[in-house]
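J.: Need a 3D model of the sequence below.
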Amino acid sequence: MSLVFQNILGWILVYKYSTLFAVSFLSSLGVPLPAAASTVASAAFASQGYLNLGAVLIVGLLGNIIGDFAAYGLVRKYGKPVLYWFHLGKVVESQVLKNVENIENTYKATVIMASRFQDQATTLVNIIAGLGNMDFKHFALYAVIGDVLQILFYSAIGYFFAGSWQSLYNAVGVFGWLIILGTTVVAILASRKFVKQLLK
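T.: Numbers count the residues shown, from 1 in each chain. Now for the predicted structure:
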């Protein structure tokens, strides 16, 4: 267990929901914080009576959603100008980025919802969606659905396995990557167009 996560656990016990919201929000915004593990821990604390499970669900969900929307909006408005300012225009104009944007737009429901289960993947997909000017209504719909499923999934782990949540902490990231890997494999097998776009 990292020192950062140990501090977050202490802050959750002291400041409760404000800490959970801050961690969820900042993680969705791109700050490398363990949002999923914090949700598991908060739900475990709820099962022991320290927190309210309903409040954990609502606060964690709001932090995720607002962070996702903020990341998308900031990248959509400032992402390309910032990259050009740092003389990284070749990245913006690269065929690889265009192919990735095309893939994300083609499989937006699958990609966006699955990415919510892994903190780093969430950030990456939010950035690509913003850079690619994905329609906000589509992004918002799938991000919210994914966030709801994510918060329910991790809260269930913490709440129903409260006695051993710390041993499950290391597995949290594995669950997220397995979900993303599974949906990616299904998408690849379902369409040859995916592979052709990737190889262009």
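J.: Run a quick check on residue 71 versus residue 127, I expect a contact.
T.: Yes. Between residue 71 and residue 127 there is a contact at 7.0 Å, judged by Cβ atoms under 8 Å. Where C-beta positions appear, they are placed from N, C-alpha and C, glycine not excepted.
J.: which residues are in contact with both of these two?
T.: residue 30 (Cβ atoms under 8 Å, 6 or more residues apart in numbering).
J.: Comparing those two, which shows the higher neighbour count?
T.: residue 71 (24 against 17; other Cβ atoms under 10 Å).
J.: Who's the closest spatial neighbour of that one, skipping the chain neighbours?
T.: Spatial nearest neighbour of residue 71, chain neighbours left out: residue 126 (4.1 Å); criterion: Cβ to Cβ, 6 or more residues apart in numbering.
J.: how far away is the one you found from residue 24?
T.: Per Cβ to Cβ, to the nearest Å, residue 126 is found 13 Å from residue 24.
J.: Pull the contacting residues for the residue nearest to residue 71.
T.: Here residue 126 is in contact with 28, 30, 68, 71-72, 75, 143 (criterion: Cβ under 8 Å, 6+ apart).
J.: where does this protein dip in pLDDT?
T.: 1, 86-107, 168-200 (pLDDT under 70).
J.: Beyond the helix or strand encompassing residue 43, next helix or strand please.
T.: Taking DSSP states H and E as the criterion, residue 43 maps to helix 35-47. Per DSSP H and E, the first helix or strand lying C-terminal to helix 35-47 is helix 53-74.
J.: Without its sequence neighbours, what residue ends up closest to the spatially most central residue of the chain?
T.: In the chain, the residue lying closest to the centroid (Cα atoms, centre = their mean) is residue 122, at 3.0 Å. Of all residues not flanking residue 122 in the chain, residue 115 sits nearest, at 5.2 Å (Cβ to Cβ, 6+ apart).
J.: Over to residue 156?
T.: Nearest to residue 156 is residue 43, by Cβ to Cβ, 6+ apart, at 7.4 Å.
J.: What of residue 153?
T.: residue 117 (6.9 Å).
J.: so how many other residues sit close to the one you found?
T.: Quick note: residue 117 (other Cβ under 10 Å) scores 24 neighbours.
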